[in-house]
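Student: here is a sequence with its predicted model. Questions after.
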Amino acid sequence: MDDNGNNKPQGLKIDKKTIIPITALLFGIMVFVGILTQVVPRGEYRLDANGSIIDGTYTLIEGGKLPFWRVFTAPVEVFGSSEALFGIAIILFIVLIGGTFMILDRSRVLKYIMSSIVKRYAAKKYKLLAIIVFVCMALASTIGILEESITLVPLAVAISLALGWDSFVGLGISLISIAFGFTAATFNPFNVGVVQGLAGIPMFSGLWFRVLVFAAVYLSLTGYLILYAKKIEKNPQKSLAYKNDLDLRERFGTALKDEEAVLANPSLKKATATFVGCVLSVFAVSFVSLFLTKAGVVPESLQMIVSNLPLASMAILFTAGGIAAGKTAGMSEKTLLRTFGEGAKAIAPCAPMIIFVMSITYLLKQGKIIHTILYHTYNLIDDLSPATSLLLIFLFIILLEFFIGSSTAKAFLIIPIVIQLAVLLGITKQTVVIAYSLSDGFCNLLYPTSGIMIIAIGIVNISYGKFLRWSWKLFAVELIVSVSMLMLALAIGY
(Lines give C-alpha, C1' and ligand atoms only; values in the text may rest on other atoms or scores of the structure.)
Protein backbone atom coordinates (compact mmCIF):
# COMPACT_ATOMS: atom_id res chain seq x y z
CA MET A 1 0.00 0.00 0.00
CA ASP A 2 1.15 3.59 -0.61
CA ASP A 3 0.74 6.56 1.70
CA ASN A 4 -2.81 7.12 0.50
CA GLY A 5 -3.91 3.57 1.16
CA ASN A 6 -3.92 2.56 -2.50
CA ASN A 7 -2.38 -0.57 -3.90
CA LYS A 8 1.25 0.10 -4.75
CA PRO A 9 2.20 -0.74 -8.33
CA GLN A 10 4.36 -3.86 -8.44
CA GLY A 11 6.13 -3.52 -11.78
CA LEU A 12 7.30 -6.75 -13.36
CA LYS A 13 7.28 -9.84 -11.20
CA ILE A 14 8.06 -13.41 -12.26
CA ASP A 15 5.68 -15.88 -10.64
CA LYS A 16 7.13 -19.17 -9.32
CA LYS A 17 4.33 -21.09 -11.01
CA THR A 18 5.68 -19.84 -14.32
CA ILE A 19 9.43 -19.97 -13.79
CA ILE A 20 9.75 -23.40 -12.17
CA PRO A 21 8.06 -25.45 -14.98
CA ILE A 22 9.95 -23.57 -17.73
CA THR A 23 13.28 -23.96 -15.94
CA ALA A 24 12.56 -27.67 -15.44
CA LEU A 25 11.73 -28.05 -19.13
CA LEU A 26 14.99 -26.37 -20.15
CA PHE A 27 16.91 -28.63 -17.79
CA GLY A 28 15.21 -31.64 -19.39
CA ILE A 29 16.22 -30.42 -22.86
CA MET A 30 19.78 -29.95 -21.65
CA VAL A 31 19.85 -33.56 -20.44
CA PHE A 32 18.35 -34.73 -23.77
CA VAL A 33 21.09 -32.91 -25.68
CA GLY A 34 23.61 -34.59 -23.39
CA ILE A 35 22.14 -37.97 -24.37
CA LEU A 36 22.40 -37.02 -28.07
CA THR A 37 26.10 -36.40 -27.62
CA GLN A 38 26.40 -40.02 -26.48
CA VAL A 39 24.57 -41.60 -29.44
CA VAL A 40 25.25 -39.29 -32.43
CA PRO A 41 28.72 -39.76 -34.00
CA ARG A 42 31.13 -36.87 -33.52
CA GLY A 43 32.16 -35.21 -36.77
CA GLU A 44 33.00 -31.91 -38.36
CA TYR A 45 33.57 -30.05 -41.63
CA ARG A 46 36.58 -27.88 -42.31
CA LEU A 47 35.78 -24.17 -42.28
CA ASP A 48 37.15 -21.41 -44.48
CA ALA A 49 38.56 -18.09 -43.25
CA ASN A 50 35.04 -16.67 -42.89
CA GLY A 51 33.81 -19.57 -40.77
CA SER A 52 31.78 -21.13 -43.61
CA ILE A 53 31.66 -24.88 -44.20
CA ILE A 54 33.78 -26.29 -47.04
CA ASP A 55 31.73 -28.88 -48.92
CA GLY A 56 33.13 -32.40 -49.09
CA THR A 57 35.35 -32.02 -46.03
CA TYR A 58 33.20 -33.82 -43.43
CA THR A 59 35.17 -36.32 -41.35
CA LEU A 60 34.40 -38.33 -38.25
CA ILE A 61 36.24 -37.37 -35.08
CA GLU A 62 38.00 -40.22 -33.38
CA GLY A 63 38.09 -40.40 -29.63
CA GLY A 64 35.65 -40.68 -26.79
CA LYS A 65 32.29 -39.01 -26.39
CA LEU A 66 31.74 -35.92 -24.33
CA PRO A 67 31.64 -37.14 -20.71
CA PHE A 68 27.99 -37.20 -19.65
CA TRP A 69 28.78 -35.62 -16.29
CA ARG A 70 29.60 -32.40 -18.15
CA VAL A 71 25.86 -31.97 -18.76
CA PHE A 72 25.59 -30.97 -15.13
CA THR A 73 28.67 -28.74 -15.11
CA ALA A 74 27.71 -26.99 -18.38
CA PRO A 75 25.86 -24.12 -16.61
CA VAL A 76 29.20 -23.22 -15.00
CA GLU A 77 31.50 -24.10 -17.92
CA VAL A 78 29.48 -21.98 -20.33
CA PHE A 79 30.77 -18.81 -18.68
CA GLY A 80 34.23 -19.63 -20.02
CA SER A 81 32.96 -20.04 -23.59
CA SER A 82 32.27 -17.72 -26.51
CA GLU A 83 28.56 -17.66 -25.54
CA ALA A 84 29.33 -16.11 -22.16
CA LEU A 85 29.52 -12.46 -23.18
CA PHE A 86 26.21 -12.48 -25.05
CA GLY A 87 24.48 -14.43 -22.28
CA ILE A 88 25.71 -12.03 -19.60
CA ALA A 89 24.55 -9.11 -21.77
CA ILE A 90 21.04 -10.59 -22.04
CA ILE A 91 20.86 -11.23 -18.28
CA LEU A 92 21.97 -7.65 -17.61
CA PHE A 93 19.47 -6.46 -20.19
CA ILE A 94 16.47 -8.08 -18.48
CA VAL A 95 17.60 -6.85 -15.06
CA LEU A 96 17.70 -3.29 -16.45
CA ILE A 97 14.22 -3.79 -17.91
CA GLY A 98 12.88 -4.93 -14.55
CA GLY A 99 14.31 -1.95 -12.70
CA THR A 100 13.22 0.55 -15.35
CA PHE A 101 9.70 -0.80 -15.62
CA MET A 102 9.25 -0.59 -11.85
CA ILE A 103 10.20 3.11 -12.00
CA LEU A 104 7.73 3.70 -14.86
CA ASP A 105 5.04 1.95 -12.86
CA ARG A 106 5.65 3.65 -9.51
CA SER A 107 6.04 7.11 -11.05
CA ARG A 108 2.70 6.61 -12.92
CA VAL A 109 4.36 7.32 -16.26
CA LEU A 110 3.10 3.93 -17.47
CA LYS A 111 -0.41 4.88 -16.42
CA TYR A 112 -0.12 8.18 -18.32
CA ILE A 113 0.97 6.34 -21.48
CA MET A 114 -1.95 3.90 -21.22
CA SER A 115 -4.48 6.61 -20.39
CA SER A 116 -3.37 8.66 -23.41
CA ILE A 117 -3.63 5.71 -25.78
CA VAL A 118 -6.97 4.50 -24.44
CA LYS A 119 -8.50 7.97 -24.63
CA ARG A 120 -7.27 8.57 -28.17
CA TYR A 121 -7.93 5.14 -29.66
CA ALA A 122 -10.88 3.78 -27.65
CA ALA A 123 -13.15 4.12 -30.71
CA LYS A 124 -10.57 2.87 -33.24
CA LYS A 125 -8.61 0.30 -31.30
CA TYR A 126 -8.30 -2.15 -34.20
CA LYS A 127 -6.74 0.54 -36.34
CA LEU A 128 -4.24 1.03 -33.53
CA LEU A 129 -3.56 -2.72 -33.44
CA ALA A 130 -2.90 -2.80 -37.19
CA ILE A 131 -0.55 0.20 -36.96
CA ILE A 132 1.47 -1.25 -34.06
CA VAL A 133 1.85 -4.60 -35.83
CA PHE A 134 3.01 -2.87 -39.03
CA VAL A 135 5.54 -0.67 -37.22
CA CYS A 136 6.99 -3.59 -35.22
CA MET A 137 7.18 -5.82 -38.29
CA ALA A 138 8.74 -3.07 -40.40
CA LEU A 139 11.46 -2.35 -37.82
CA ALA A 140 12.42 -6.03 -37.63
CA SER A 141 12.15 -6.51 -41.40
CA THR A 142 14.49 -3.63 -42.17
CA ILE A 143 16.98 -3.21 -39.34
CA GLY A 144 16.68 -6.66 -37.79
CA ILE A 145 15.66 -5.88 -34.20
CA LEU A 146 14.61 -8.98 -32.25
CA GLU A 147 16.01 -9.18 -28.71
CA GLU A 148 15.06 -5.52 -28.26
CA SER A 149 11.38 -6.55 -28.37
CA ILE A 150 11.63 -7.68 -24.74
CA THR A 151 11.36 -4.05 -23.61
CA LEU A 152 8.12 -3.59 -25.55
CA VAL A 153 6.31 -6.63 -24.16
CA PRO A 154 5.18 -5.26 -20.76
CA LEU A 155 4.08 -1.97 -22.33
CA ALA A 156 2.18 -3.74 -25.10
CA VAL A 157 0.50 -6.14 -22.65
CA ALA A 158 -0.50 -3.26 -20.36
CA ILE A 159 -2.03 -1.37 -23.31
CA SER A 160 -3.78 -4.52 -24.52
CA LEU A 161 -5.37 -5.07 -21.12
CA ALA A 162 -6.45 -1.43 -20.94
CA LEU A 163 -8.20 -1.76 -24.32
CA GLY A 164 -10.17 -4.81 -23.15
CA TRP A 165 -8.00 -7.54 -24.67
CA ASP A 166 -5.65 -10.02 -22.99
CA SER A 167 -1.95 -10.76 -22.54
CA PHE A 168 -1.79 -12.83 -25.72
CA VAL A 169 -2.83 -9.85 -27.84
CA GLY A 170 -0.11 -7.86 -26.08
CA LEU A 171 2.43 -10.52 -27.00
CA GLY A 172 1.03 -10.55 -30.54
CA ILE A 173 1.51 -6.82 -31.13
CA SER A 174 5.04 -6.80 -29.69
CA LEU A 175 7.19 -9.95 -29.54
CA ILE A 176 5.34 -11.93 -32.21
CA SER A 177 5.02 -8.98 -34.60
CA ILE A 178 8.75 -8.33 -34.36
CA ALA A 179 9.61 -12.02 -34.84
CA PHE A 180 7.30 -12.25 -37.85
CA GLY A 181 8.82 -9.06 -39.25
CA PHE A 182 12.26 -10.60 -38.81
CA THR A 183 11.20 -13.61 -40.83
CA ALA A 184 9.44 -11.49 -43.49
CA ALA A 185 12.74 -9.72 -44.07
CA THR A 186 13.23 -7.00 -46.67
CA PHE A 187 16.52 -5.30 -45.77
CA ASN A 188 17.30 -7.34 -42.64
CA PRO A 189 21.11 -7.54 -42.51
CA PHE A 190 21.14 -10.66 -40.32
CA ASN A 191 19.33 -13.04 -42.64
CA VAL A 192 18.89 -11.41 -46.08
CA GLY A 193 22.20 -9.51 -46.07
CA VAL A 194 24.36 -12.32 -44.68
CA VAL A 195 22.70 -15.08 -46.72
CA GLN A 196 22.88 -13.18 -50.01
CA GLY A 197 26.52 -12.40 -49.29
CA LEU A 198 27.28 -16.08 -48.69
CA ALA A 199 25.31 -17.02 -51.80
CA GLY A 200 27.33 -14.63 -53.95
CA ILE A 201 24.41 -12.51 -55.17
CA PRO A 202 24.02 -8.69 -54.88
CA MET A 203 23.08 -7.68 -51.35
CA PHE A 204 19.37 -6.82 -50.92
CA SER A 205 18.59 -7.69 -54.55
CA GLY A 206 15.21 -9.25 -55.40
CA LEU A 207 13.39 -6.84 -53.09
CA TRP A 208 10.02 -6.97 -54.90
CA PHE A 209 9.29 -10.57 -53.91
CA ARG A 210 10.35 -10.02 -50.29
CA VAL A 211 7.93 -7.08 -50.11
CA LEU A 212 5.21 -9.46 -51.33
CA VAL A 213 6.17 -11.93 -48.59
CA PHE A 214 6.05 -9.12 -46.01
CA ALA A 215 2.55 -8.13 -47.14
CA ALA A 216 1.30 -11.73 -46.95
CA VAL A 217 2.71 -12.26 -43.44
CA TYR A 218 1.43 -8.87 -42.24
CA LEU A 219 -2.12 -9.43 -43.48
CA SER A 220 -2.34 -12.94 -42.02
CA LEU A 221 -0.93 -11.90 -38.63
CA THR A 222 -3.06 -8.76 -38.34
CA GLY A 223 -6.20 -10.60 -39.41
CA TYR A 224 -5.56 -13.36 -36.88
CA LEU A 225 -4.96 -10.93 -34.01
CA ILE A 226 -8.03 -8.81 -34.80
CA LEU A 227 -10.32 -11.85 -34.95
CA TYR A 228 -8.90 -13.13 -31.67
CA ALA A 229 -9.09 -9.71 -29.98
CA LYS A 230 -12.75 -9.35 -30.96
CA LYS A 231 -13.52 -12.77 -29.49
CA ILE A 232 -11.83 -11.89 -26.19
CA GLU A 233 -13.43 -8.46 -26.06
CA LYS A 234 -16.83 -10.11 -26.44
CA ASN A 235 -16.13 -12.80 -23.82
CA PRO A 236 -12.95 -12.23 -21.73
CA GLN A 237 -13.34 -15.58 -19.97
CA LYS A 238 -12.50 -17.41 -23.21
CA SER A 239 -8.90 -16.28 -22.80
CA LEU A 240 -6.42 -18.88 -21.55
CA ALA A 241 -4.84 -16.02 -19.61
CA TYR A 242 -8.10 -14.77 -18.03
CA LYS A 243 -7.27 -15.54 -14.38
CA ASN A 244 -3.68 -14.47 -14.78
CA ASP A 245 -4.73 -11.20 -16.41
CA LEU A 246 -6.86 -10.27 -13.39
CA ASP A 247 -3.63 -10.00 -11.42
CA LEU A 248 -1.83 -8.19 -14.24
CA ARG A 249 -4.57 -5.58 -14.55
CA GLU A 250 -4.08 -4.75 -10.90
CA ARG A 251 -0.28 -4.91 -11.12
CA PHE A 252 -0.02 -2.70 -14.20
CA GLY A 253 -2.58 -0.28 -12.83
CA THR A 254 -4.91 -0.54 -15.82
CA ALA A 255 -8.12 0.26 -13.99
CA LEU A 256 -7.65 3.89 -15.11
CA LYS A 257 -10.19 5.16 -12.58
CA ASP A 258 -8.41 8.53 -12.29
CA GLU A 259 -7.66 8.85 -16.01
CA GLU A 260 -8.49 12.56 -16.28
CA ALA A 261 -6.37 13.48 -13.24
CA VAL A 262 -3.42 11.53 -14.64
CA LEU A 263 -3.68 13.17 -18.06
CA ALA A 264 -3.96 16.63 -16.48
CA ASN A 265 -0.69 16.21 -14.57
CA PRO A 266 1.97 18.31 -16.40
CA SER A 267 4.87 16.52 -14.71
CA LEU A 268 3.66 13.15 -16.00
CA LYS A 269 3.24 14.61 -19.50
CA LYS A 270 6.81 15.89 -19.48
CA ALA A 271 8.13 12.65 -17.98
CA THR A 272 6.38 10.59 -20.64
CA ALA A 273 7.79 12.77 -23.43
CA THR A 274 11.27 12.25 -21.96
CA PHE A 275 10.90 8.47 -21.88
CA VAL A 276 9.34 8.19 -25.36
CA GLY A 277 12.09 10.41 -26.77
CA CYS A 278 14.77 8.09 -25.41
CA VAL A 279 13.04 5.00 -26.84
CA LEU A 280 12.68 6.63 -30.26
CA SER A 281 16.39 7.42 -30.16
CA VAL A 282 17.06 3.68 -30.10
CA PHE A 283 15.52 3.31 -33.54
CA ALA A 284 17.61 6.21 -34.82
CA VAL A 285 20.74 4.41 -33.57
CA SER A 286 19.54 1.19 -35.23
CA PHE A 287 19.08 2.90 -38.60
CA VAL A 288 22.55 4.46 -38.32
CA SER A 289 23.98 1.04 -37.54
CA LEU A 290 22.25 -0.46 -40.59
CA PHE A 291 23.42 2.40 -42.83
CA LEU A 292 27.03 2.03 -41.71
CA THR A 293 26.88 -1.75 -42.25
CA LYS A 294 25.40 -1.41 -45.76
CA ALA A 295 27.82 1.36 -46.73
CA GLY A 296 30.79 -0.85 -45.88
CA VAL A 297 32.63 1.97 -44.12
CA VAL A 298 33.09 0.18 -40.81
CA PRO A 299 36.57 -1.34 -40.23
CA GLU A 300 36.52 -5.08 -39.64
CA SER A 301 37.77 -4.59 -36.09
CA LEU A 302 34.68 -2.50 -35.27
CA GLN A 303 32.00 -4.48 -37.13
CA MET A 304 31.01 -6.51 -34.07
CA ILE A 305 30.55 -3.33 -32.02
CA VAL A 306 28.49 -1.59 -34.72
CA SER A 307 26.25 -4.65 -35.27
CA ASN A 308 25.47 -4.77 -31.54
CA LEU A 309 24.67 -1.06 -31.28
CA PRO A 310 20.85 -1.55 -31.44
CA LEU A 311 20.77 -3.94 -28.48
CA ALA A 312 23.25 -1.90 -26.44
CA SER A 313 21.44 1.36 -27.17
CA MET A 314 18.10 -0.19 -26.20
CA ALA A 315 19.50 -1.24 -22.83
CA ILE A 316 21.18 2.12 -22.16
CA LEU A 317 18.55 4.51 -23.53
CA PHE A 318 15.55 2.57 -22.21
CA THR A 319 17.07 2.60 -18.73
CA ALA A 320 18.21 6.22 -18.94
CA GLY A 321 14.80 7.25 -20.25
CA GLY A 322 13.02 5.46 -17.41
CA ILE A 323 15.23 7.00 -14.73
CA ALA A 324 14.91 10.48 -16.28
CA ALA A 325 11.13 10.05 -16.50
CA GLY A 326 10.93 9.00 -12.86
CA LYS A 327 12.99 12.02 -11.82
CA THR A 328 10.84 14.37 -13.90
CA ALA A 329 7.69 12.85 -12.39
CA GLY A 330 8.92 13.82 -8.93
CA MET A 331 10.74 10.75 -7.56
CA SER A 332 13.74 11.50 -5.34
CA GLU A 333 17.15 10.00 -6.10
CA LYS A 334 16.88 7.72 -3.07
CA THR A 335 13.42 6.52 -4.14
CA LEU A 336 14.63 5.99 -7.72
CA LEU A 337 17.52 3.82 -6.57
CA ARG A 338 15.36 1.76 -4.20
CA THR A 339 12.61 1.30 -6.79
CA PHE A 340 15.09 0.29 -9.48
CA GLY A 341 16.60 -2.29 -7.12
CA GLU A 342 13.17 -3.74 -6.31
CA GLY A 343 12.35 -4.09 -10.00
CA ALA A 344 15.69 -5.71 -10.82
CA LYS A 345 15.26 -8.17 -7.95
CA ALA A 346 11.73 -9.07 -9.07
CA ILE A 347 12.78 -10.04 -12.59
CA ALA A 348 16.13 -11.65 -11.67
CA PRO A 349 14.65 -15.20 -11.55
CA CYS A 350 14.76 -15.12 -15.37
CA ALA A 351 18.55 -15.49 -15.19
CA PRO A 352 18.65 -19.29 -14.59
CA MET A 353 16.48 -19.82 -17.67
CA ILE A 354 18.95 -17.88 -19.85
CA ILE A 355 21.87 -19.87 -18.38
CA PHE A 356 20.17 -23.17 -19.31
CA VAL A 357 19.53 -21.92 -22.87
CA MET A 358 23.23 -21.00 -23.12
CA SER A 359 24.22 -24.40 -21.73
CA ILE A 360 22.22 -26.27 -24.38
CA THR A 361 24.10 -24.48 -27.18
CA TYR A 362 27.40 -25.04 -25.36
CA LEU A 363 26.82 -28.82 -25.07
CA LEU A 364 25.96 -29.10 -28.78
CA LYS A 365 29.22 -27.41 -29.72
CA GLN A 366 31.30 -29.39 -27.25
CA GLY A 367 29.67 -32.64 -28.31
CA LYS A 368 30.59 -32.02 -32.00
CA ILE A 369 27.30 -33.43 -33.32
CA ILE A 370 25.82 -30.48 -35.27
CA HIS A 371 27.97 -31.08 -38.36
CA THR A 372 27.06 -34.77 -38.29
CA ILE A 373 23.35 -33.89 -38.38
CA LEU A 374 24.03 -31.53 -41.30
CA TYR A 375 26.00 -34.14 -43.22
CA HIS A 376 23.33 -36.85 -43.06
CA THR A 377 20.49 -34.40 -43.78
CA TYR A 378 22.08 -33.22 -47.03
CA ASN A 379 22.70 -36.80 -48.11
CA LEU A 380 18.99 -37.58 -47.70
CA ILE A 381 17.75 -34.84 -50.06
CA ASP A 382 20.38 -35.18 -52.78
CA ASP A 383 18.15 -37.04 -55.31
CA LEU A 384 14.73 -35.45 -54.68
CA SER A 385 12.64 -33.09 -56.86
CA PRO A 386 13.17 -29.30 -56.55
CA ALA A 387 9.84 -28.76 -54.75
CA THR A 388 10.40 -31.58 -52.27
CA SER A 389 14.02 -30.57 -51.70
CA LEU A 390 13.04 -26.94 -51.10
CA LEU A 391 10.44 -27.94 -48.54
CA LEU A 392 12.90 -30.25 -46.78
CA ILE A 393 15.53 -27.50 -46.68
CA PHE A 394 12.88 -25.18 -45.22
CA LEU A 395 11.84 -27.73 -42.59
CA PHE A 396 15.44 -28.61 -41.77
CA ILE A 397 16.28 -24.98 -40.98
CA ILE A 398 13.17 -24.85 -38.76
CA LEU A 399 14.49 -27.92 -36.93
CA LEU A 400 17.99 -26.44 -36.69
CA GLU A 401 16.43 -23.33 -35.13
CA PHE A 402 15.79 -25.43 -32.03
CA PHE A 403 19.53 -25.86 -31.52
CA ILE A 404 20.92 -22.62 -33.00
CA GLY A 405 18.81 -19.51 -32.55
CA SER A 406 21.30 -17.05 -34.04
CA SER A 407 20.39 -16.22 -37.64
CA THR A 408 23.95 -15.31 -38.60
CA ALA A 409 25.47 -18.42 -36.98
CA LYS A 410 23.05 -20.71 -38.83
CA ALA A 411 23.70 -18.94 -42.12
CA PHE A 412 27.48 -19.39 -41.92
CA LEU A 413 26.99 -23.00 -40.86
CA ILE A 414 24.64 -24.24 -43.58
CA ILE A 415 24.30 -21.77 -46.48
CA PRO A 416 27.58 -22.72 -48.24
CA ILE A 417 26.31 -26.30 -48.65
CA VAL A 418 22.63 -25.43 -49.17
CA ILE A 419 23.47 -23.06 -52.04
CA GLN A 420 25.55 -25.68 -53.86
CA LEU A 421 22.89 -28.32 -53.38
CA ALA A 422 20.10 -25.96 -54.50
CA VAL A 423 21.87 -25.10 -57.77
CA LEU A 424 22.27 -28.80 -58.56
CA LEU A 425 18.55 -29.36 -57.89
CA GLY A 426 17.37 -26.44 -60.06
CA ILE A 427 16.49 -24.07 -57.18
CA THR A 428 17.58 -20.44 -57.60
CA LYS A 429 19.78 -18.73 -55.03
CA GLN A 430 17.13 -16.05 -54.39
CA THR A 431 14.61 -18.76 -53.54
CA VAL A 432 17.07 -20.20 -51.02
CA VAL A 433 17.29 -16.74 -49.42
CA ILE A 434 13.49 -16.65 -49.09
CA ALA A 435 13.43 -20.19 -47.67
CA TYR A 436 16.06 -19.26 -45.10
CA SER A 437 14.31 -16.06 -44.02
CA LEU A 438 10.90 -17.72 -43.74
CA SER A 439 12.29 -20.54 -41.63
CA ASP A 440 14.30 -18.23 -39.37
CA GLY A 441 12.60 -15.95 -36.88
CA PHE A 442 8.94 -16.68 -36.23
CA CYS A 443 9.37 -20.44 -35.69
CA ASN A 444 12.02 -19.66 -33.09
CA LEU A 445 9.17 -18.58 -30.80
CA LEU A 446 7.85 -22.12 -30.77
CA TYR A 447 10.89 -23.53 -28.99
CA PRO A 448 11.71 -23.36 -25.28
CA THR A 449 15.34 -22.80 -26.34
CA SER A 450 14.32 -19.28 -27.47
CA GLY A 451 15.60 -17.01 -24.72
CA ILE A 452 13.52 -13.99 -25.75
CA MET A 453 10.29 -16.00 -25.86
CA ILE A 454 10.96 -17.55 -22.46
CA ILE A 455 11.66 -14.12 -20.93
CA ALA A 456 8.62 -12.54 -22.58
CA ILE A 457 6.09 -15.10 -21.38
CA GLY A 458 7.78 -15.16 -17.97
CA ILE A 459 7.34 -11.39 -17.64
CA VAL A 460 3.58 -11.71 -18.04
CA ASN A 461 3.40 -15.02 -16.13
CA ILE A 462 2.15 -17.18 -19.00
CA SER A 463 3.27 -20.80 -18.95
CA TYR A 464 4.97 -22.33 -21.98
CA GLY A 465 2.10 -24.81 -22.31
CA LYS A 466 -0.52 -22.05 -22.47
CA PHE A 467 1.59 -20.13 -24.95
CA LEU A 468 1.69 -23.16 -27.26
CA ARG A 469 -2.05 -23.79 -26.86
CA TRP A 470 -2.75 -20.21 -27.92
CA SER A 471 -0.13 -19.82 -30.64
CA TRP A 472 -0.21 -23.12 -32.55
CA LYS A 473 -3.04 -22.03 -34.84
CA LEU A 474 -1.23 -18.78 -35.64
CA PHE A 475 1.97 -20.63 -36.44
CA ALA A 476 0.03 -23.11 -38.57
CA VAL A 477 -1.38 -20.19 -40.58
CA GLU A 478 2.10 -18.73 -41.03
CA LEU A 479 3.46 -22.14 -42.06
CA ILE A 480 0.83 -22.31 -44.80
CA VAL A 481 1.68 -18.76 -45.91
CA SER A 482 5.41 -19.58 -45.96
CA VAL A 483 5.01 -22.79 -47.96
CA SER A 484 2.71 -21.01 -50.43
CA MET A 485 5.28 -18.24 -50.98
CA LEU A 486 8.06 -20.79 -51.44
CA MET A 487 6.09 -22.70 -54.05
CA LEU A 488 5.30 -19.42 -55.83
CA ALA A 489 8.98 -18.47 -55.84
CA LEU A 490 9.90 -21.87 -57.26
CA ALA A 491 7.15 -21.72 -59.90
CA ILE A 492 8.21 -18.31 -61.26
CA GLY A 493 11.93 -19.03 -61.03
CA TYR A 494 12.52 -16.18 -58.58
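Tutor: Happy to help now that I have it.

Student: tally of neighbours for the closest residue to residue 488 other than its chain neighbours?
Tutor: Once its chain neighbours are removed from consideration, residue 488 has its nearest residue in residue 494; the separation is 7.8 Å (CB to CB, 6 or more residues apart in numbering). In this view, the C-beta of every residue, glycine as well, is placed from N, C-alpha and C. In terms of burial, residue 494 registers 20 neighbours under the definition other CB atoms under 10 Å.

Student: ok, residue 494 touching residue 433?
Tutor: No: between residue 494 and residue 433 there is no contact, the gap being 9.3 Å when judged by CB atoms under 8 Å.

Student: what do these two both touch?
Tutor: Both residue 494 and residue 433 are contacted by residue 206, under the criterion CB atoms under 8 Å, 6 or more residues apart in numbering.

Student: show me what contacts the residue nearest to residue 488?
Tutor: Contacts for residue 494 were tallied using CB under 8 Å, 6+ apart; they are 206, 209, 428, 430, 431, 434, 488.

Student: most neighbours among these, which one?
Tutor: Going by other CB under 10 Å, residue 434 tops the contacts of residue 494 with 28 neighbours.

Student: so which strand or helix has it?
Tutor: The secondary structure element spanning residue 434 is helix 429-439 (assigned by DSSP states H and E).

Student: got a list of contacts for that helix?
Tutor: Contacts of helix 429-439 with the rest of the structure, by CB under 8 Å, 6+ apart, involve 183-185, 188, 191-192, 195-196, 199-201, 205-206, 209-210, 213, 390, 393-395, 397-398, 401, 411, 415, 418-419, 422-423, 482, 485-486, 489-490, 494.

Student: can you tell me which of those residues are buried?
Tutor: A residue is treated as buried here by neighbour count (16 or more other CB atoms under 10 Å); on that basis the buried members of the contacts of helix 429-439 are 183-185, 188, 191-192, 195-196, 199, 201, 206, 209-210, 213, 390, 393-395, 397-398, 401, 411, 415, 418-419, 422, 482, 485-486, 489-490, 494.

Student: the helix or strand bottoming out on mean pLDDT in the chain: what's the following helix or strand?
Tutor: Scoring the helices and strands of the chain by mean pLDDT, DSSP states H and E places helix 303-307 at the bottom, with a mean of 66. If you walk from helix 303-307 toward the C-terminus, the next helix or strand you reach (DSSP H and E) is helix 309-328.

Student: and the contacts of helix 429-439, which of them are in helices?
Tutor: Among the contacts of helix 429-439, the members falling in helices (DSSP state H) are 183, 195-196, 199, 209-210, 213, 390, 393-395, 397-398, 401, 411, 415, 418-419, 422-423, 482, 485-486, 489-490.

Student: off-centre distance for the helix holding residue 434?
Tutor: 19 Å (CA atoms, centre = their mean, to the nearest Å).

Student: can you add distance to residue 285 and pLDDT and give the contacts of residue 494 back as a markdown table?
Tutor: Converted to a markdown table, these look like this (distance: CB to CB, whole Å; pLDDT from 0 to 100):
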| residue | distance to residue 285 | pLDDT |
| --- | --- | --- |
| 206 | 28 | 87 |
| 209 | 30 | 94 |
| 428 | 35 | 91 |
| 430 | 31 | 92 |
| 431 | 33 | 93 |
| 434 | 29 | 93 |
| 488 | 36 | 95 |
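
Student: re the thing from before, how close does the residue nearest to residue 488 sit to residue 421?
Tutor: Using CB to CB, to the nearest Å, residue 494 is found at 18 Å from residue 421.

Student: cool, and residue 25?
Tutor: Residue 25 is 34 Å from residue 421, where distance means CB to CB.

Student: any stretches of the stretch 151-300 of the chain with poor pLDDT?
Tutor: In the predicted model of the stretch 151-300 of the chain, residues 251-260, 290, 293-296, 298, 300 satisfy pLDDT under 70.

Student: and for the stretch 351-494 of the chain?
Tutor: Across the stretch 351-494 of the chain, the stretches falling below the confidence threshold (pLDDT under 70) are 382.

Student: try it again with 90
Tutor: Regions of the stretch 351-494 of the chain meeting the criterion pLDDT under 90 cover residues 351-386, 389, 392-393, 395-427, 439-465, 493-494.

Student: the stretch 1-150 of the chain now?
Tutor: 1-29, 33, 40, 43-58, 61-66, 78-124, 135-136, 138-150.

Student: all strands for it, in order.
Tutor: Ranges of strands in the stretch 1-150 of the chain, per DSSP state E, counting those that start in this stretch, are 43-44, 59-60.

Student: and the last one, what does it pack onto?
Tutor: Using 3 or more CB pairs under 8 Å, 6 or more residues apart in numbering; DSSP states H and E as the contact test, the elements touching strand 59-60 are strand 43-44.

Student: please state the offset of the strand it packs on from the chain centre?
Tutor: Relative to its parent chain, strand 43-44 has a centroid offset of 30 Å by CA atoms, centre = their mean.
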